[in-house]
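[1] need a structure here:
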Amino acid sequence: MKRMNWNDLRFFLSVSRQGGLTGAAKILRVSQSTVSRRVEMLEEALKTRLFERHVDGYCLTSAGQNMLARAEEIESQVLGLESDFSGRDNLPTGWVSLSSIETLVQYLILPHLTAFQAQYPDLILDVSADVQRASLPNREADIALRLSRPETGPYTVRKIGQMGFGLYASKGYLERNPLSSDETRISCHQVLGLPEELGFTVMAKALKSWTSDDSVLSLDTASSHYVAAGQGLGITVLSCLMASQNEDLIAIRPQEFHKSVDIWLVVPNDIVRSSRIRATCDFLCDLVRRESKKLDRG
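    Numbers count the residues shown, from 1 in each chain. A predicted model of the protein is given here:
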């Protein structure tokens, strides 16, 4: 009788959470064929069909649904063991997946990773800069830096600082298009906007509040807004941290057009005590504290 390989449970859990091979392969960093083979091996060992295969994805069978509940119990116990015992003898080791926004990754975290790597040479950060947010419940990230506080979930949540946003344009643009000093909202100017699906972001909300013009150009990343504003293509909202990288960018009436938002550190409760997680969180908290002036108002 063929025995079940416990490691195949990771593949089963990823496929059930992602709904198919593509998403699971991305999370597990293996090929789709490897994921398919490991799921088939698990089904063969159990002599039970766990998924119905469809052209648009994998759906759990009734047996698969029961298996999912048991597998998640096992996963939780394993993660608990890791949290309690990992790294007690030596420096933290292993992988830590971190999800944050593009600006914090590029202009805050990456410039300071050399010191972190020197302190923890056996700890590897897997960093994702995705405005759509990697999923903590689906284990797509161990730690997240968010600009909004999660309302629910089994998470440890901590406010670690603030990030400022303002209205910016280049010197050249403002020389060609002088601003009126008595407008409560900017009008009759070229505004760099964002697509509708990013309307939930701080940039989009502030832009809508501070300007009354339709966008002349829609851009879907903070870095593209930064480049476009630097080229004199129009007015936009940028983080103070990002705008400070270009001396040609001017804050427009910063006493009026400024917004500070909280930075939240979010970690699932079942791994928060792990030494690798603690070391990474300490690094992030200390970094935000030391760079607080750059983060808010530059």
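[2] so where do the helices sit in the stretch 151-298 of the chain?
    171-176, 202-210, 222-230, 240-243, 275-290, 292-295 (DSSP state H, counting those that start in this stretch).
[3] of all the ones you listed, which lies closest to Ile109?
    Comparison of the helices of the stretch 151-298 of the chain against Ile109 by Cβ to Cβ identifies helix 275-290 as nearest, at 7.2 Å. (C-beta placed from N, C-alpha, C; glycine too.)
[4] which strands and helices lie in contact with that closest one?
    The elements that helix 275-290 packs onto, with contact taken as 3 or more Cβ pairs under 8 Å, 6 or more residues apart in numbering; DSSP states H and E, are strand 94-100, strand 123-129, strand 143-146, strand 155-170, strand 258-268.
[5] list the buried ones in the third one?
    Translated: strand 143-146. Residues 143-146 are the ones in strand 143-146 that count as buried (16 or more other Cβ atoms under 10 Å).
[6] and that strand, what does it pack onto?
    With contacts taken as 3+ Cβ pairs under 8 Å, 6+ apart, strand 143-146 sits against strand 94-100, strand 258-268, helix 275-290.
[7] name the stretch among the helices of the stretch 151-298 of the chain that sits most buried.
    helix 240-243 (a mean of 23; mean count of other Cβ atoms under 10 Å).
[8] wait, Tyr173 touches Ala228, no?
    No: Tyr173 is beyond contact range of Ala228, at 10.3 Å (criterion: Cβ atoms under 8 Å).
[9] who touches both of the two?
    Taking Cβ atoms under 8 Å, 6 or more residues apart in numbering as the contact rule, Tyr173 and Ala228 both touch Gly234.
[10] hmm, back to that, columns distance to Ile160 and mean pLDDT on top of the helices of the stretch 151-298 of the chain, output as JSON lines?
    Listed next are the helices of the stretch 151-298 of the chain as JSON lines, based on distance: least, Cβ to Cβ, whole Å; pLDDT from 0 to 100:
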{"stretch": "helix 171-176", "distance to Ile160": "34", "mean pLDDT": "94"}
{"stretch": "helix 202-210", "distance to Ile160": "17", "mean pLDDT": "91"}
{"stretch": "helix 222-230", "distance to Ile160": "20", "mean pLDDT": "95"}
{"stretch": "helix 240-243", "distance to Ile160": "15", "mean pLDDT": "95"}
{"stretch": "helix 275-290", "distance to Ile160": "5", "mean pLDDT": "93"}
{"stretch": "helix 292-295", "distance to Ile160": "10", "mean pLDDT": "93"}
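[11] need the phi and psi values for the nearest residue to Thr93 once chain neighbours are set aside.
    Spatial nearest neighbour of Thr93, chain neighbours left out: Asp122 (4.1 Å); criterion: Cβ to Cβ, 6 or more residues apart in numbering. With angles defined as degrees, to the nearest 10, Asp122 sits at phi -100, psi 10.
[12] what about Asp122, neighbour count?
    With neighbours defined by other Cβ atoms under 10 Å, the count for Asp122 comes to 12.
[13] just Arg29 next, same as before
    9.
[14] can you list phi and psi of it for me?
    Per-residue torsions, Arg29: phi 60, psi 40 (degrees, to the nearest 10).
[15] cool, and Thr201?
    The phi and psi values for Thr201, taken as degrees, to the nearest 10, are phi -80, psi 160.
[16] from memory it sits against Leu207, does it?
    No: counting by Cβ under 8 Å, Leu207 is not a contact partner of Thr201; they are 9.3 Å apart.
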